[in-house]
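[1] generate coordinates for the sequence data below:
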Amino acid sequence: MSKRLIPVIILAAGVLGFLFLKMTRPEPAQVTATERSWRVQIEAIEPGTHTPVLPLYGEVVAPEQMSVAATLAGRIGERPVAEGQRVSAGELLVALDTQDIEPVLAQAKAQVADLDAQIRSEQVRYRNDQTALKSEQAILANAGRQLERTRSLVDRNLASRENLESVTDSAARAELTVSIRQRALDEHPARLQSLEARLAQAEATLATTQRDAERSRVFAPFDGIVTDVQVAVGDQVSRNQHLLSIYPTQGLELRARVPNIFRAELLAALAEGESLYAFSDQPEIRFRLERFAGTSDPAGTEAILVLVGEGAGLRPGTLLPVSLERPERRGSVAIPFSALYGADSVYLIADDNRMQRVSIERVGEALSANGERRLLIAGEVLTLGARLIITHLPNALTGLKVDVAGDGSSAQ
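    As a prediction, this is how the structure comes out:
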């Protein structure tokens, strides 16, 4: 065989092999385009009556806190209590030294006694003036008769001019004495009234001093806790200086600002006699909504909530987050927050397993039986048995196909 035919044979064999392989190859499967579906979880909607809650953040205050001040100047004689100590009603809190109280009280009593004596002296003087006036009037009458006789004698030249002048002076002196005595009698009511007024003032001062002396020993008016202690035994204090404070263990309040959009609803509930409670993370701490403050501002109105039961260690000034129960809402549904899209929309599953966007009303928040916070919504489209998508899809839109991962029987 010629060497020139070998390459031709090899090339022909390769072409024949390629044709054989092409003829015996399997037919490729037909590829068709399919729509992608997204796996989601759902909950069956069960409308019912729920209690929405309003998260609040407030400060604990003691409205009945009493501030104790010194009623008189002096030194602190006793202070058997300490900061933060719990005391019972009637227990001594602080007392001024009696050595500083007794002289002030004795001075007030002495002033009253002195004015009482002056009044008695004035009454004696008045009686004496009345008696003396009668005698002085008799002397004045005798002086007048003597003056007339002397004038008659002088007219007949039986007495000298000097005798007449002497008798005239005696009559004038007698008249002046009567005038002075009469003025003293006329001034008696004014003098007596002045003394009685000063006596009344002294008695008022004595009563005030006695009251302040009694209040110099301060006793707890209720079961409470001592706070803000400013003095120690032996300290010199001035009148009205702050000593300490005490607040009752009962009656603590929580002041929290409520947005104005909820105020009308809460006021209407209070007017109807409903009891609305607020709870903290500690189950034993519970407050009852009592009233709202008298003033408001654009940020809201301050709600006043009264502590129910024991304070469980609460102290004034504590900042506390609570959840305030609002009036019950019928026909509402509690859903996970992940089911909400935007401000007022959720997605339901249509019969063909496609998403359907619906608008709802946001009622607020609610607490489930296990304490989980859920969103409370309402709307006519939320019918019993409707399937709500609770998986949040970034690309959610009406008509998107989904696959259900659960059976939708999970409880709300």
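
[2] please count neighbours and contacts with C-alpha atoms only from this point.
    Noted.

[3] can you pull out the helices in this protein?
    Ranges of helices within the chain are 5-24, 98-155, 161-215, 260-271, based on DSSP state H.

[4] what is the burial count for Arg354?
    If you count neighbours by other CA atoms under 10 Å, Arg354 ends up with 18.

[5] with just CA atoms, put stretch 313-332 into PDB.
    The C-alpha trace of stretch 313-332 is given here as PDB (Å, rounded to 0.1, in the frame of the first residue of the first chain):
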ATOM      1  CA  GLY A 313     -39.100  47.900  96.500                       C
ATOM      2  CA  LEU A 314     -40.100  50.800  94.300                       C
ATOM      3  CA  ARG A 315     -38.600  54.200  95.300                       C
ATOM      4  CA  PRO A 316     -39.600  57.700  94.200                       C
ATOM      5  CA  GLY A 317     -37.500  58.700  91.200                       C
ATOM      6  CA  THR A 318     -37.500  55.200  89.600                       C
ATOM      7  CA  LEU A 319     -37.900  55.200  85.800                       C
ATOM      8  CA  LEU A 320     -40.200  52.300  84.900                       C
ATOM      9  CA  PRO A 321     -41.500  50.900  81.600                       C
ATOM     10  CA  VAL A 322     -45.100  49.700  81.800                       C
ATOM     11  CA  SER A 323     -47.800  48.400  79.500                       C
ATOM     12  CA  LEU A 324     -51.200  50.200  79.900                       C
ATOM     13  CA  GLU A 325     -54.300  48.200  79.100                       C
ATOM     14  CA  ARG A 326     -56.600  50.100  76.800                       C
ATOM     15  CA  PRO A 327     -60.400  49.400  76.400                       C
ATOM     16  CA  GLU A 328     -61.200  46.000  74.800                       C
ATOM     17  CA  ARG A 329     -61.600  45.900  71.000                       C
ATOM     18  CA  ARG A 330     -64.000  43.400  69.400                       C
ATOM     19  CA  GLY A 331     -63.400  41.900  66.000                       C
ATOM     20  CA  SER A 332     -59.700  42.400  66.200                       C
END
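
[6] so for it, what's the average pLDDT?
    For stretch 313-332, the mean pLDDT works out to 89.

[7] may I see the buried residues of it?
    Neighbour-count burial for stretch 313-332, counted by 16 or more other CA atoms under 10 Å, picks out 314-315, 319-327, 329, 331-332.

[8] report the two of the residues you listed separated the most.
    Maximum pairwise distance among these (CA to CA): 40.3 Å, between Arg315 and Gly331.

[9] who are the neighbours of the helix or strand of the chain with the lowest mean pLDDT, in terms of helices and strands?
    Each helix and strand of the chain was given a mean pLDDT (mean pLDDT, DSSP states H and E); the minimum falls on helix 5-24 at a mean of 73. Applying 3 or more CA pairs under 8 Å, 6 or more residues apart in numbering; DSSP states H and E, we find helix 5-24 packed against no helix or strand.

[10] for that helix, what is the distance to the chain centroid?
    A distance of 103 Å separates the centroid of the chain from that of helix 5-24, by CA atoms, centre = their mean, to the nearest Å.

[11] give me the pLDDT for Gly406.
    57.
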